[in-house]
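Colleague: Structural data only, the sequence is not supplied:
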């Protein structure tokens, strides 16, 4: 039986999406060149992952000559919001308060971070 397609991004898919969001449009070769700056990556793997991202609805493509040019459909901020909602649901029982408490307790916040958080809380 076929596995259900997840609408969230895997770590590898996110790496590819970051490249495409930065470049705004990209061919497989463009993505490979960018990813190879950080380590070895196979052309066929990138090609397959871009196809999967298109199936998930994150990308579309146009054909230019023999190359597919991939264009993001889902913008970075929308993907970030979806990932945060999933994180809230999976680990914090849909409680933003629990998430914030965890972040404050686990992360070292500087004075600027604390000031910004206080300002955001005061606005809400």
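Modeller: Okay, I see it. Here the structure is a predicted model, which means the values were calculated and not measured. Numbering: from 1, shown residues only.
Colleague: list the helices and strands the lengthiest helix in the chain packs on?
Modeller: Looking across the chain with DSSP state H, the single longest helix is helix 76-92. Identification of packing neighbours for helix 76-92 by 3 or more CB pairs under 8 Å, 6 or more residues apart in numbering; DSSP states H and E yields helix 11-23, helix 96-106. Where C-beta positions appear, they are placed from N, C-alpha and C, glycine not excepted.
Colleague: rank the ones you listed by mean pLDDT and give me the bottom one.
Modeller: When mean pLDDT is averaged over each of the helices and strands packed on helix 76-92, helix 96-106 scores lowest at a mean of 89.
Colleague: Going along the chain from that helix, find the next helix or strand for me.
Modeller: Next in sequence after helix 96-106, counting helices and strands by DSSP states H and E, comes helix 111-123.
Colleague: so how far is that next one from its chain's centroid?
Modeller: On the basis of CA atoms, centre = their mean, to the nearest Å, helix 111-123 sits 26 Å off its chain's mean C-alpha point.
Colleague: Can you give the contact residues for that helix?
Modeller: For helix 111-123, contacts defined as CB atoms under 8 Å, 6 or more residues apart in numbering pick out 104, 109.
Colleague: what is the mean pLDDT for it?
Modeller: Computed over helix 111-123, the mean pLDDT rounds to 90.
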